[in-house]
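Participant: this one's structure only:
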């Protein structure tokens, strides 16, 4: 029984950072966020892949209890190649091949329809809206977005935001979407759209939660061994919805999001994420408790 | 009886931000940090001003219990004019007139010599060293610095660092001084120089404390009404040493630093700082407690 439905991409990534390169590794927002959510809940993916990507290559997700029933197979897999410069805060896209993603229409399997939690990874806002409308009775919907959609389809992005409960986006995108350099003002504007909460991701600086009741400042885990930040935002979002589905605790869900994202950044692609255990996660969570204490 | 000796500048500033301008207002690192420290301790300034700046114009500091005995008067007052662009994170210097600051040799009045706490505001590292050597028996010395000295006198800066207990600097300066984009690595390198602690200021993102025992992540206060960030770093440092002198609690001292700096940013120059009360400070401190809770 799927608790959390996750819409996003499956991709084949080529990554370049100051610490090395990784060619043709599996990635995509649905992969990172489902893997992250699986530490806490039972996620079901909605995505598309090509015939070039074999079922077996996704079996590591199945082993973590992720349902792959909502994955279509068609044409070639979406490919992305990106580079990080010295400061590692933002990826520079070198090449994108949409392939089968270009004509993707998400379909929700019957077995996902009763799921109470929905995570809409960064994607065409029209598809995000279609998925919202096909889940029967969601308790909470979270939506991510990115600069590409804000620039090209801002009104559609706003229309989607009005249908969800929580918006999660990074600081640059928040400034862009609400046309202000001040994140607090951006968050207030976002809440005006009827959201329950807004979460602003700030990379190494952690994340901020805004609700009508108040703010929460979630630290970033202090990472000495940063290797590849690809997927950190998706890990954060996936952990958040996974932990929230289990506990309804937004603040702790953000802290777990920081923890999982920090492990993810310590290896290329999902390499390090696939090594860690529940014990590792709890260990770093305890460190997070200690580092905010005063 | 002075608890905390504060070395820094007294300046006449002209400030331009997206929210307006302020011409010829009193500023300088010693002024901001002494005012901030006065919420918690009895600071004594070491600085220089010109004959153009009347004693009365500094009387607001005296009223807060700040000793002005260590201020020399000579020539013309140091002048600085700076501008902040849309993101308000870094000042662009438009003009600097060193004036009497150019030949300043700090002298410690007899009444400061027994002070246990020393705050060395950003200044020529040679002068910082001279002040360190003239205080008899300090319990704790904190030093600030900036890119100008790191670029022009890096070895002297390192020599000064080796003589102090805590280094406080902003994130860009930490990256520059230790030649790494990774703040955690920079902080480890700094601790290797024999420091008890390193504090890295990150503007709106708060600040980080590194000691051999662990990290602390101090949130930035979420500020909707940011008007002029001039002096925020000095307010942070001054509050830190002032509160630390009273309590020996580094973490709480940083939180009070964030609080005072946030009030400072809500007005031009010291305008808003001069309006706030102990009650205001306690109120925002309680907000800081609430916003890190999870």
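Facilitator: Yes, it's here. All values derive from a computational prediction rather than experimental measurement.
Participant: what's near enough to touch residue A:41?
Facilitator: Residues near residue A:41 by Cβ atoms under 8 Å, 6 or more residues apart in numbering or on different chains: A:3-4, A:117, A:241-243, A:245-246. C-beta: built from backbone N, CA, C; applies to glycine.
Participant: at 7 Å instead, please
Facilitator: A:3-4, A:242, A:245-246 (Cβ atoms under 7 Å, 6 or more residues apart in numbering or on different chains).
Participant: how about it, secondary structure?
Facilitator: Residue A:41 falls in the coil class when you classify it by DSSP: H, G, I helix; E, B strand; the rest coil.
Participant: What ranges does the stretch 51-200 of chain A have for its helices?
Facilitator: Along the stretch 51-200 of chain A, the stretches classed as helices by DSSP state H, counting those that start in this stretch are A:59-62, A:125-134, A:147-152, A:154-161, A:171-177, A:183-192.
Participant: ranking the ones you listed by burial, who's on top?
Facilitator: helix A:171-177 (a mean of 21; mean count of other Cβ atoms under 10 Å in any protein chain shown).
Participant: does any bit of that helix sit next to chain B?
Facilitator: No - under the criterion of Cβ under 7 Å from any Cβ of the partner chain, helix A:171-177 makes no contact with chain B; the nearest approach is 8.6 Å.
Participant: Give me the residue ranges of chain A where confidence is low.
Facilitator: A:87 (pLDDT under 70).
Participant: Recalculate using a threshold of 90.
Facilitator: A:1, A:18-19, A:85-92, A:122, A:134-137, A:147-148, A:181-182, A:225 (pLDDT under 90).
Participant: Centre-most residue in it?
Facilitator: Nearest to the mean C-alpha position of chain A, counting by Cα atoms, centre = their mean, stands residue A:234 at 2.3 Å.
Participant: Can you pull the phi and psi angles for the residue nearest to residue A:19 when sequence neighbours are not counted?
Facilitator: If the residues on either side of it in the chain are set aside, residue A:19 comes closest to residue A:227, at 5.1 Å by Cβ to Cβ, 6 or more residues apart in numbering or on different chains. With angles defined as degrees, to the nearest 10, residue A:227 sits at phi -110, psi -50.
Participant: where's residue A:227 relative to chain B, distance?
Facilitator: Using Cβ to the nearest Cβ, to the nearest Å, one gets 11 Å for the distance from residue A:227 to chain B.
Participant: cool, residue A:20 as well?
Facilitator: 16 Å.
Participant: Measure how far stretch A:269-276 is from the centre of its chain, please.
Facilitator: Computed by Cα atoms, centre = their mean, to the nearest Å, the chain-centroid distance of stretch A:269-276 equals 16 Å.
Participant: Buried residues, it. List them.
Facilitator: A:269-270, A:272-273, A:276 (16 or more other Cβ atoms under 10 Å in any protein chain shown).
Participant: Out of those residues, the closest to chain B would be?
Facilitator: Comparing the buried residues of stretch A:269-276 against chain B with Cβ to the nearest Cβ places residue A:272 closest, at 16.7 Å.
Participant: I figured the closest one was touching residue A:263, is that so?
Facilitator: Yes - using Cβ atoms under 7 Å, residue A:272 is in contact with residue A:263, at 5.7 Å.
Participant: Pull the distance from stretch A:60-75 to the chain's centre.
Facilitator: 17 Å.
Participant: how about the strands in chain A?
Facilitator: Ranges of strands within chain A are A:4-7, A:11-17, A:20-27, A:43-49, A:67-73, A:78-84, A:91-97, A:117-120, A:140-144, A:166-170, A:197-201, A:207-211, A:214-218, based on DSSP state E.
Participant: Would you convert those into TSV that also reports mean neighbour count?
Facilitator: Compiled in TSV, the strands of chain A are given as follows (neighbours: other Cβ atoms under 10 Å in any protein chain shown):
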stretch	mean neighbour count
strand A:4-7	30
strand A:11-17	23
strand A:20-27	16
strand A:43-49	28
strand A:67-73	18
strand A:78-84	20
strand A:91-97	13
strand A:117-120	28
strand A:140-144	24
strand A:166-170	26
strand A:197-201	24
strand A:207-211	22
strand A:214-218	22
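Participant: Any chance of those strands in a markdown table with distance to residue B:186 as columns?
Facilitator: Formatted as a markdown table, those follow (distance: least, Cβ to Cβ, whole Å):
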| stretch | distance to residue B:186 |
| --- | --- |
| strand A:4-7 | 37 |
| strand A:11-17 | 19 |
| strand A:20-27 | 22 |
| strand A:43-49 | 37 |
| strand A:67-73 | 43 |
| strand A:78-84 | 19 |
| strand A:91-97 | 23 |
| strand A:117-120 | 35 |
| strand A:140-144 | 31 |
| strand A:166-170 | 24 |
| strand A:197-201 | 23 |
| strand A:207-211 | 22 |
| strand A:214-218 | 22 |
